[in-house]
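Q: Pasting the sequence and the predicted model now:
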Amino acid sequence: MNIVHIVPGSGGGFYCQNCVRDIGLVKALQAAGHDVLFVPMYLPFLEPVGGTVAQAPVFYGAVNVYLQHKIPFYNRLPASWRRRLDAPGVLRWAAAKAGTTEADGLGDLTLGVLDGPDGPHRRELEQMTDWLKTQPRPDIVHVSNALLLGLAPTLRDALGARIVCTLQDEDTWLDALPPPYRERGWQRVAELSRSVDAFTPVSAYYAGKMRKRLNLTEARCHTIPIGIDVDACAPPPTAPATPTLGFLSELTPPHGLDILVEAFLALRRRPELASLRLRITGGNRDAHTPFLARIRARIAASEHAAAVEFVDACHEPHRIAFLQSLSVLSVPAIRPEAFGLFQIEAMACGVPVVQPRLGAYPEIVAATGGGVIYDGPGAGALAEALFPLLADPALAARIGAVGRATVVEKFSLARMAAEMTRVYRLVREGRP
């Protein structure tokens, strides 16, 4: 099949689970014999997409899109001047400066994209559509997430293609918008969902949540868990010499790094774990935010600062080496996630996970047997769940081995591509 895959570039400054998923999927589809065109929006991808995958130019260039919402007369500037801001060098510079992306303050931009041809980015949508018309006609246009559905009606009509949309954590973005953007955003996504032939939520938990929020029928939702390169995520030859706790996620409050630090400090006070170490990655370790400043001050004030390490290892292959250095991984998030890709990446490296009973975490741990789910808020409950695995390397190794075997069987890129191909064929044939 001929597939156009439209994805938002994150800039590469942090651990973007959707980006890892999208790159893995297009590589696997290409390896399975499909013709895939990778179409980035906003920013270029700093992680390699793969030499065999065809890539389009970046559309909806982030600098232009942002300035349109900040400068009232911006659209009256000469087109030649605006085009300079879409130059690859400018976008690479913007990508290098980008950090974690938050919805707060971006309500007008979100709605502008969702409004498609009726919004302020009509010119950008026309440019994308005209360029895609010059390419081989696609059977499927796959949209990376529902926040891009403003493109769907136009592309469906112009290209005569079926529309597939993956669902992962759109609720986090939309719910973070201030009123009235929040209500309007949800309303607009629900309206645009009528142009979609099939949705592919990444977990059963999230499928149920989004069916309710968007009033979708069960037949239109095909749950396809994320797959990873299980060969690249091999376990290390030997376990860490000292017990090592790890964190891999965005360095922002919702992901609970502060909770993990408190649990680590409590565990270090136990004689059995006096040598425990903590390794942290997921974003720019030099980022200056009040949240990270508080965490660094807390660590510095303790007696255990020498045992804590912030590292820049959120991209491959450094991310795999980081996981291989751990005894246990934990991301004690305080808001639900649709999947939690770090779980299966850690398990594939033979590293067990300890996660709160929240969102899709229990679903993934139950499906793999590669971790522990704990109840109760705060660092105390987390520390109690972590202690048995950190104090007993043999127990951690057994759970890690079970997780590794299950991830290889059920969460590979080949499996994800095969299930996605099945959905593509269903919608191409006009079946739900």
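A: That came through fine.
Q: Contacts for the helix or strand hosting residue 422, please.
A: In this assignment (DSSP states H and E), residue 422 forms part of helix 413-428. Helix 413-428 is contacted by residues 1, 3, 24-25, 27-29, 31-32, 34, 139-140, 162-164, 197-198, 200, 222, 224-230, 432 when judged by Cβ atoms under 8 Å, 6 or more residues apart in numbering. For every residue, glycine as well, the C-beta is placed using N, CA and C.
Q: immediately after the lowest-mean-pLDDT helix or strand in the chain, which helix or strand?
A: Using mean pLDDT, DSSP states H and E, the weakest-scoring helix or strand in the chain turns out to be helix 88-97, at a mean of 50. Sequence order places helix 107-114 as the next helix or strand after helix 88-97, per DSSP H and E.
Q: tell me the average confidence for that following helix?
A: Across helix 107-114, the average pLDDT comes to 91.
Q: And for stretch 413-432?
A: 93.
Q: Stretch 346-365 now?
A: Mean predicted lDDT for stretch 346-365 stands at 98.
Q: what residue ranges in the stretch 1-150 of the chain score low on pLDDT?
A: Within the stretch 1-150 of the chain, the segments meeting pLDDT under 70 span 10-12, 46-48, 50-51, 62-105.
Q: Please, where are all the helices along it?
A: 17-31, 62-70, 79-84, 88-97, 107-114, 122-133 (DSSP state H, counting those that start in this stretch).
Q: Now the spatially most distant residue from the centre of the chain: phi and psi?
A: Within the chain, residue 271 marks the point farthest from the mean C-alpha position, 37.7 Å out by Cα atoms, centre = their mean. Here is the backbone geometry of residue 271 (degrees, to the nearest 10): phi -60, psi -40.
Q: now it: how far from residue 303?
A: Distance, residue 271 to residue 303, using Cβ to Cβ, to the nearest Å: 15 Å.
Q: What of residue 329?
A: Counting by Cβ to Cβ, the gap from residue 329 to residue 303 is 24 Å.
Q: so residue 144 touches residue 166, yeah?
A: Yes: in this structure, residue 144 is within contact of residue 166 by Cβ atoms under 8 Å, at 5.9 Å.
Q: neighbour count winner among these two?
A: residue 166 (25 against 21; other Cβ atoms under 10 Å).
Q: Quick one: the strands in the stretch 251-400 of the chain, in order.
A: Assigned strands in the stretch 251-400 of the chain, in chain order: 277-281, 308-310, 328-329, 353-356, 371-374 (criterion: DSSP state E, counting those that start in this stretch).
Q: how about CSV for these, with distance to residue 120 added?
A: Listed next are these as CSV, based on distance: least, Cβ to Cβ, whole Å:
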stretch, distance to residue 120
strand 277-281, 37
strand 308-310, 39
strand 328-329, 42
strand 353-356, 40
strand 371-374, 44
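Q: Return the residues in contact with residue 204.
A: 223, 360, 363.
Q: same thing but 7 Å
A: 223, 363 (Cβ atoms under 7 Å, 6 or more residues apart in numbering).
Q: which parts of the helix holding residue 422 are buried?
A: By 16 or more other Cβ atoms under 10 Å, the buried positions in helix 413-428 come out as 413, 415, 416, 417, 419, 420, 421, 423, 424, 426, 427.
Q: ditto for stretch 128-147
A: Residues of stretch 128-147 classed as buried: 128-129, 132, 138-147 (neighbour count, 16+ other Cβ under 10 Å).
Q: how near is the closest residue to residue 411 other than its chain neighbours to residue 196?
A: Leaving aside its sequence neighbours, residue 411 sits nearest to residue 344 (Cβ to Cβ, 6 or more residues apart in numbering; 4.8 Å). Residue 344 is 26 Å from residue 196, where distance means Cβ to Cβ.
Q: same thing with residue 251?
A: 33 Å.
Q: and if you look at residue 289?
A: 36 Å.
Q: what about these two, which has more around it?
A: Using other Cβ under 10 Å as the criterion, residue 289 and residue 196 rank with residue 196 on top: 23 against 15.
Q: Assess the claim that the more buried one and residue 166 are in contact.
A: No: judged on Cβ atoms under 7 Å, residue 196 makes no contact with residue 166 at a distance of 10.5 Å.
Q: Would you mind splitting this protein into its domains for me?
A: 2-227+413-428, 244-410 (automatic domain parsing).
Q: Those: which one's closest to residue 234?
A: With Cβ to Cβ as the measure, domain 244-410 is the member of the domains of the chain nearest residue 234 (7.0 Å).
Q: Pull the number of nearby residues for the closest residue to residue 427 other than its chain neighbours.
A: Excluding its sequence neighbours, the residue lying closest to residue 427 (Cβ to Cβ, 6+ apart) is residue 197, at 4.0 Å. Neighbour count for residue 197, taken as other Cβ under 10 Å: 22.
Q: one step back: how deep is the residue nearest to residue 411 tucked in, by neighbour count?
A: 28.
Q: so it touches residue 409, yeah?
A: No: counting by Cβ under 7 Å, residue 344 sits too far from residue 409 to count as a contact (11.5 Å).
Q: So if I had to pick from residue 329 and residue 303, which one is more boxed in?
A: Neighbour tally, residue 329 and residue 303, criterion other Cβ under 10 Å: the higher count belongs to residue 329, 28 against 9.
Q: Is that one bridged to anything, and to what?
A: Counting by DSSP bridges, residue 329 is bridged to residue 246, residue 353.
Q: I'd like the numbering to begin with 30 instead of 1 from here.
A: Okay, using 30 as the starting number, the last item reads as residue 358.
Q: Does it touch residue 380 like I think?
A: Yes: judged on Cβ under 7 Å, residue 358 makes contact with residue 380 at a distance of 5.4 Å.
Q: Common neighbours of the two, please.
A: Contacts common to residue 358 and residue 380, judged by Cβ under 7 Å, 6+ apart, are residue 352.
Q: so how many other residues sit close to the closest residue to residue 255 other than its chain neighbours?
A: Nearest residue to residue 255, sequence neighbours excluded (Cβ to Cβ, 6+ apart): residue 50, at 4.9 Å. The tally of other residues near residue 50 (other Cβ under 10 Å) stands at 24.
Q: longest helix anywhere in this protein?
A: helix 422-439 (DSSP state H).
Q: Just the buried positions in it, please.
A: 425, 426, 428, 429, 430, 431, 432, 433, 434, 435, 436, 437.
Q: What's the separation between the third one and residue 401?
A: Pointing back at residue 428 there. 8 Å.
Q: What of the second one?
A: From residue 426 over to residue 401 the distance is 14 Å, taken as Cβ to Cβ.
Q: ok, now the first one?
A: Distance of residue 425 to residue 401, given as Cβ to Cβ: 10 Å.
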